[in-house]
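Participant: quick one: sequence plus predicted model below, questions after.
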Amino acid sequence: MLESLKKKYASGRNTFQKYLPEEAVEYCFELWLTYSFRFKITKDRQSKLGDYRYDPTTKIHSVTVNHNLNKYQFLITYIHEVAHLAVHKKYGNRVSPHGNTWKNQFKELFLPVLNDKVFPDDILRVLARHMKNPKASTHADPNLSIALAAYDDNHSEITFLDAVPEGELFNFRNKKYKKLETRRTRVICLEVSSGKKYLINKVARVTTEQD
């Protein structure tokens with residue numbers, strides 16, 4: 001059955017070949033065929049890297065991933081969303097979106113690609129730790145975010161909020177802030193125009209006067 005589907009949808013493999021590490025293409029293609037979902041590459045979305053949706057009217061499952069992710073971030077995001085789909089098919093909305101059920105499903109689906117044939121060593125070491133207790137987003141894991149960013153096309157131009165000295169000004173999502181105090185994973189920042197304080201992820205990508 002799977003082999004016949006592979007032949008029928010062989011052209012769909014081209015999408016995976018374009019966006020994924022070569023050694024992960026076949027596996028991700030098989031996930032698409034096995035779970036039977038609509039897969040779409042989308043424009044950049046600042047609020048998320050990908051998502052999973054189910055339409056109860058049409059009974060169609062959909063997974064989307066942002067087009068501008070590097071191939072390693074794309075792979076992690078893709079399997080992250082397929083794990084949501086797999087959990088929904090088993091449990092519907094009866095379990096927490098990023099609870100233990102999803103974490104276990106994500107780890108199970110990710111295991112076949114968690115190796116040095118797919119990931120470079122600097123990402124693999126951090127990723128292996130991350131997968132012991134996966135977060136709701138890679139952005140919630142500063143070490144993984146930084147490791148992945150090194151493979152972005154514009155990596156030399158990236159400035160993380162964590163690297164901005166306290167007291168300095170920076171721009172984030174078209175607003176100017178002053179960095180005040182760093183906590184464990186977030187930073188207290190003052191929005192200059194309003195005088196309001198906000199917590200911003202310390203691996204948020206920002207711009208400074210020097211960038």
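Facilitator: Perfect, I can see it now.

Participant: other SSEs contacting the helix ranked longest in the chain?
Facilitator: Taking DSSP state H as the criterion, the chain has its longest helix at helix 71-91. Under the contact criterion of 3 or more CB pairs under 8 Å, 6 or more residues apart in numbering; DSSP states H and E, helix 71-91 touches helix 25-35, strand 50-55, strand 60-66, helix 100-110, helix 142-149. Bear in mind the C-beta positions are built from the backbone N, C-alpha and C, glycine included.

Participant: residues touching the residue most central in space within the chain, list them.
Facilitator: The residue lying closest to the centre of the chain (CA atoms, centre = their mean) is residue 77, at 3.9 Å. Neighbour list for residue 77: 49-50, 65-66, 69, 138 [criterion: CB atoms under 8 Å, 6 or more residues apart in numbering].

Participant: least confident pick among those residues?
Facilitator: Of all those, residue 138 carries the smallest pLDDT score, 86.

Participant: which residue is the nearest non-sequential neighbour of that residue?
Facilitator: Excluding its sequence neighbours, the residue lying closest to residue 138 (CB to CB, 6 or more residues apart in numbering) is residue 144, at 5.2 Å.

Participant: give me the neighbour count for the one you found.
Facilitator: Look at residue 144: counted by other CB atoms under 10 Å, it has 23 neighbours.
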